[in-house]
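In: One predicted model, sequence on top.
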Amino acid sequence: MAKLSIFQTLKDRIGNDLPIIQLTKATLVHLSHTLEDFVLQKQVPAMLFTGFQESSHWRKETERYQTLADSNMQVCIFAGKPLPADSAAGAIQIELDGDDPLRQEWFVAILSADFSVILCGLDNLAPAKTEAHRKFDTVWSFDVEIVNRVLDVLEDVVQSYRPKVLAQLQEARHKLPVTYPDPDILTRFTTELLRFEDTLQDELLSTARDLEISEALYRTMATNAPVVLLMLSADGQVLLATGTRSYRLFEGGMPRIGQSVFEVLKDYPQVTEALRDALKHEQTSITLFARDSAYELRTHAIYEDGERSSVICIFIDITERVERERERLEREKLEVELRKERELSEIRRKLMMTLSHELRNPLASIRSASDLLHDYHDRLTPEKRQQRLVSMQEQTAHLTQILDDIDMVVRNDNSGFVFKYNPVDMVQFARQAVHDLNQKYNNPVRLSCEPDAHVIVTDERWLKYIVGNLLTNAARYSPQGTAIDLLISYQRGEYVMQVLDSGIGIPQDELSNLFQPFYRAANVRTINGTGLGLVIVRNIVEAMGGTISLDSRLNAGTVVTVELPAQGA
């Protein structure tokens, strides 16, 4: 099988459109380490394919890749000298033949959850004064097609040298599809390159040729990433401008070196204002809108000899992201509105069912009493006539209470609760509540008041509504003759009232719905009720600064607990 070269394969496939720059080995090594460190530091799932040459740093490089492999990543190392055995963590090491063209290449291919990238340098074999100054023709790209092509080549190499591990690599590759980097990764890459550029200017890149290489490096990065990169002087003059999406931001093309960026962007006051502010700070990150596009502007100040010399401005095109977010928010808004409409529709349906069911009996009673008075007035004794009138008044009061309850719940506010706080003797109050219940239901109430439970400062009218409703529910949903317990105690400044019954209970999957308006459990069958009492009780309790909770078991009874402050809300 013919030996394969990553660099030559890409050049043959892409031709003159392949962006190639010349980098020193020092820069190439630093870039490869930077890319690897992003994966290593974040501990993201990743695959790394690395190839390097024999050098004085041989031992250091092998130790570095063993460290990467120990982080539970798949690392495949290609080199031309006997290597240590594969590590258990996932390092697969391949000793290349002496004539293998890969031995002239330094490359890193990364697949990770955050980004995918290929960095490949071909040694031009030109003389160099030091190892660090050796020149490599270099390709660096985040392009999906390019990265996938390189991975195909590396799979062929593995097939040739170590076919038994190919399936393992292919399975790992399948789990990590090639992806473009997110804006944060691009910004971190760019910031690191700018930092390294300053270092190289001081240590290695002292000639004009080195500066051209550095600029070419930036241009290559910007060409392969969806960003616009500007380097501005302290007063806004353009020192460097490059990027693939400049047509969206700069209608007349990229700014020229020496132009004022404020003049170029004078039609966009928001952008120029943001840039003027950014030039005064160490770094910024803001969202801008220009023409029909959205950009995330990130800036970073560069210093020389302690003085601010320039500012790097990275415009990341986030138009698609903003549009997706807008669509997501719109969908969520529509879903909320639809859910509210469904809830309102359900409330209307239950309201009509409640009105139809609950108003029918009292209206029938009123109609019957009225007909009797009308048709047989002279035949009825005064006592009988009085009984019919009292019945009509009671049924009218009952109807009024139902309508008041419905009105209060449908309006969904507590404006009807006007509290008048006065001392209330809890023992006497509880005895009266028990007496009132016994007049209507045949369910004995066992009252228990602890010694400390004596006087509470509250609104007696609303307290009567709370206790009366809970006792009525307990009797209504319990078999006749079964006992109900009313327990009252005083605990840490609060009165605790519990109503316990041994009635039909409530299904567990319906407990969370009981405080919804008009909701009635499925097992109530034909027992009368509006499904409003507990809702109103909860609203009263909360308005008084208290809490209410409910526990129940099907066919085993219910416990309702109310806690109210002893000295009012």
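Out: Good, I have the coordinates.

In: In this structure residue 476 contacts residue 504, no?
Out: No - the pair residue 476 / residue 504 is not scored as a contact, 9.9 Å apart, by CB atoms under 8 Å. All C-beta atoms are positioned from the backbone trio N, CA, C, and that covers glycine.

In: Compare these two and say which is more crowded by neighbours.
Out: The neighbour comparison of residue 476 against residue 504 (other CB atoms under 10 Å) goes to residue 504, with 21 against 18.

In: correct me, but that one touches residue 523?
Out: Yes - with contact defined as CB under 8 Å, residue 504 counts as touching residue 523 (5.7 Å).

In: Could you point out the longest helix of this structure?
Out: Identified as the longest helix of the chain according to DSSP state H is helix 319-376.

In: which helices and strands does it pack with?
Out: Where contact means 3 or more CB pairs under 8 Å, 6 or more residues apart in numbering; DSSP states H and E, helix 319-376 is packed against strand 293-304, helix 382-411.

In: Now render these as a markdown table, adding mean neighbour count and mean pLDDT.
Out: Shown next, in a markdown table, are the helices and strands packed on helix 319-376 (neighbours: other CB atoms under 10 Å; pLDDT from 0 to 100):
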| stretch | mean neighbour count | mean pLDDT |
| --- | --- | --- |
| strand 293-304 | 18 | 82 |
| helix 382-411 | 14 | 76 |
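
In: out of the ones you listed, nearest to residue 260?
Out: strand 293-304 (16.7 Å; CB to CB).

In: Which parts of the stretch 1-150 of the chain are strands?
Out: 21-24, 46-51, 74-79, 91-95, 105-112, 116-123, 135-141 (DSSP state E, counting those that start in this stretch).

In: mind listing what the first one pairs with, with the direction of each?
Out: Right, the one you point to is strand 21-24. Paired neighbours of strand 21-24 in the sheet (DSSP bridges): strand 135-141 (antiparallel).

In: what sits up against the strand it pairs with?
Out: Contact with strand 135-141 is made by 7, 10, 18-25, 28, 31, 106, 117-124, 126, 128, 146-147, 220-221, 224, as judged by CB atoms under 8 Å, 6 or more residues apart in numbering.

In: What subset of those is buried?
Out: Among these, those buried by neighbour count (16 or more other CB atoms under 10 Å) are 7, 10, 19-25, 28, 31, 106, 117-123, 146-147, 220-221, 224.

In: Looks like residue 395 contacts residue 360 (just checking).
Out: No - counting by CB under 8 Å, residue 395 does not reach residue 360; the two are 11.4 Å apart.

In: for the stretch 451-569 of the chain, what are the low-confidence residue spans?
Out: Flagging of the stretch 451-569 of the chain using pLDDT under 70 yields the residue ranges 451-453, 517-520, 522, 525-526, 528-531, 568-569.

In: at 90 instead, please
Out: 451-462, 464-465, 468-469, 472-481, 489-495, 502-545, 550, 552-557, 566-569 (pLDDT under 90).

In: quick one on the thing from earlier: I'd like the helices and strands packed on helix 319-376 written out as a markdown table, with distance to residue 179 added.
Out: A markdown table is the format used below for the helices and strands packed on helix 319-376 (distance: least, CB to CB, whole Å):
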| stretch | distance to residue 179 |
| --- | --- |
| strand 293-304 | 19 |
| helix 382-411 | 52 |
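
In: closest one to residue 491 among those?
Out: helix 382-411 (30.1 Å).

In: So what's the gap between that closest one and the chain middle?
Out: Relative to its chain's centre, helix 382-411 lies at 52 Å (CA atoms, centre = their mean, to the nearest Å).

In: which helices and strands sit right next to it?
Out: Partner elements for helix 382-411 (3+ CB pairs under 8 Å, 6+ apart): helix 319-376, helix 533-543.

In: what about residue 113, distance to residue 301?
Out: 31 Å (CB to CB, to the nearest Å).

In: and the closest residue to residue 442 other than its chain neighbours, backbone torsions?
Out: Leaving aside its sequence neighbours, residue 442 sits nearest to residue 480 (CB to CB, 6 or more residues apart in numbering; 4.9 Å). Per-residue torsions, residue 480: phi -60, psi 140 (degrees, to the nearest 10).

In: Quickly note the distance from residue 480 to residue 440.
Out: Distance, residue 480 to residue 440, using CB to CB: 12 Å.

In: which one of the two has more residues nearby?
Out: Applying other CB under 10 Å to residue 480 and residue 440 shows that residue 440 carries more neighbours, namely 11 against 8.

In: Just say helix, strand or coil for that one.
Out: Of the three states, residue 440 takes coil according to DSSP: H, G, I helix; E, B strand; the rest coil.

In: residues contacting it?
Out: 472, 475.

In: same check, this time on the one 10 residues further on
Out: By CB under 8 Å, 6+ apart, the contact set of residue 450 is 488, 489, 490.

In: Now the residue lying closest to residue 425 once chain neighbours are set aside. Its backbone dihedrals?
Out: Once flanking residues are discounted, residue 425 sits nearest to residue 455: 6.0 Å by CB to CB, 6+ apart. Phi and psi for residue 455, reported as degrees, to the nearest 10, are phi -110, psi 130.

In: Tell me how many other residues surround residue 455.
Out: 14.

In: Likewise for residue 448?
Out: Neighbours of residue 448 under the rule other CB under 10 Å: 12.

In: Paired strands for the helix or strand where it lies, with orientation please.
Out: Using DSSP states H and E, residue 448 sits within strand 445-449. Strand partners for strand 445-449, identified by DSSP bridges, are recorded as strand 484-491 (parallel).

In: This completes my enquiry, with thanks.
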